[in-house]
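K.L.:
next input, structure requested:
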Amino acid sequence: MRDYQRRYKEQHGYYQTRLYDRGRKKQYTITCAQCSREATVTKASSQYCSHACWYGAKKARRSQIEPAWKPFLVAPRVAPVVVLRPLRRRWFSACCPMCSTWFVTDNPVHQHCSPRCGRRAAKDKRRAMERKAFVAPVNRQAIYQRDRWVCQLCRKPVARGKAVPHPKAPTIDHIVPLARGGTHEPANVQLAHYHCNTIKSDGEWAGGEQLALIG
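P.N.:
Residues are numbered from 1 along each chain as shown. A predicted model of the protein is given here:
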C-alpha cells in the first residue's frame, strides 16, 4: 500500500489517502527489561517490547511482594451467626359497626371486618359529602339497638339475619333526606325495612317522622 501511494504521489503530486500525509513517528531501539531482546518502539521511556513482557514483569514483582501462599499464624475469626427471633405480633379484637361481627386483626386502625363493610361505610359518608351535608360517625348496630330492631316507618320488626335486597332487611333511613338538606348523624337516622326505605326514597312518609332526641 505504501508503494502504491508513493507511485500515486509521483504521478499526481499528492497522496490518494490523507493518512499518508502525516509523518511517521520517531522510533527508538531498546533492550527489553523482561526478555532482554532488542526491540523498536515509538516511546523513549518504554522498557518492554510487548504487552506480554509487561504483564510478566508485573506478575514477578507481585510475587516478590506477596508470596503465593503463607501459613495462617492465627486462626481466622469466624463471625458468629445471629438468629433473629420473629417479632411478636399484637392482636386486637373489635366489633364491626356495619354488621356487628367480632373479628381479630393485627392493625388497630382497622374498624371493619371486611372490605365490603368498609365500602358500605365509605359509600354512606360519600353520599352525604356530595350533598355538602354535615357528617358525623354513624354506628349502624348502635342505631339498630336504639330502635330495638323495629322499623320506624311501619312499626314492624325487621329480619335481623337478612341482607339487602330482602324486603325486610334492616337499613339506615335519613329522617330528613339528604336531598332536602338533612345531615348524616345519629340524630337524623333511623332503622327501616329495605322495602319501606325504598318506597319513601327522598320524599316524606305518610305517618310523619320526628328526629331522634338521643343519637
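
K.L.:
next one: phi and psi at residue 184?
P.N.:
phi -100, psi 90 (degrees, to the nearest 10).

K.L.:
tell me the contacts of it?
P.N.:
Contact partners of residue 184, counting by C-beta atoms under 8 Å, 6 or more residues apart in numbering, are 124, 125, 127, 128, 133, 134, 135, 136, 138, 174, 178. Quick note: C-beta positions are derived from backbone N, CA and C, even for glycine.

K.L.:
report the central residue of this structure.
P.N.:
residue 107 (18.8 Å; C-alpha atoms, centre = their mean).

K.L.:
which single one of the contacts of residue 184 is nearest to residue 57?
P.N.:
residue 125 (80.9 Å; C-beta to C-beta).

K.L.:
so which strand or helix has the closest one?
P.N.:
helix 115-130 (DSSP states H and E).

K.L.:
for that helix, what is the average pLDDT?
P.N.:
Helix 115-130 shows a mean pLDDT of 84.

K.L.:
okay, now the sheet partners of whichever strand or helix holds residue 171, with direction.
P.N.:
Using DSSP H and E, residue 171 sits in strand 170-174. Partners of strand 170-174 in the sheet, by DSSP bridges, are strand 189-193 (antiparallel).

K.L.:
quick one: the partner strand to chain centroid distance?
P.N.:
Its chain's C-alpha centre and that of strand 189-193 lie 41 Å apart, by C-alpha atoms, centre = their mean, to the nearest Å.

K.L.:
please parse this structure into its domains.
P.N.:
Split into domains by automatic domain parsing, the chain comes to 23-64, 118-200.

K.L.:
out of those, deepest packed?
P.N.:
Highest mean neighbour count among the domains of the chain (mean count of other C-beta atoms under 10 Å): domain 118-200, with a mean of 16.

K.L.:
where does the prediction get shaky in the protein?
P.N.:
Scanning the chain for pLDDT under 70 picks out the ranges 18-24, 65-78, 83-88, 205-215.

K.L.:
so which residues of it form helices?
P.N.:
2-12, 51-65, 115-130, 140-146, 194-200 (DSSP state H).

K.L.:
nearest to residue 165, of the ones you listed?
P.N.:
helix 194-200 (6.5 Å).

K.L.:
contacts for the closest one next, please.
P.N.:
Contacts to helix 194-200, defined as C-beta under 8 Å, 6+ apart, come from residues 151, 153-154, 164-171, 173, 192.

K.L.:
from these, which is closest to residue 144?
P.N.:
residue 170 (5.9 Å).

K.L.:
beta-bridge partners for the closest one, please?
P.N.:
Applying DSSP bridges to residue 170 yields these beta-bridge partners: residue 193.

K.L.:
ok, it to residue 139 distance?
P.N.:
Here residue 170 is placed at a distance of 13 Å from residue 139 (C-beta to C-beta, to the nearest Å).
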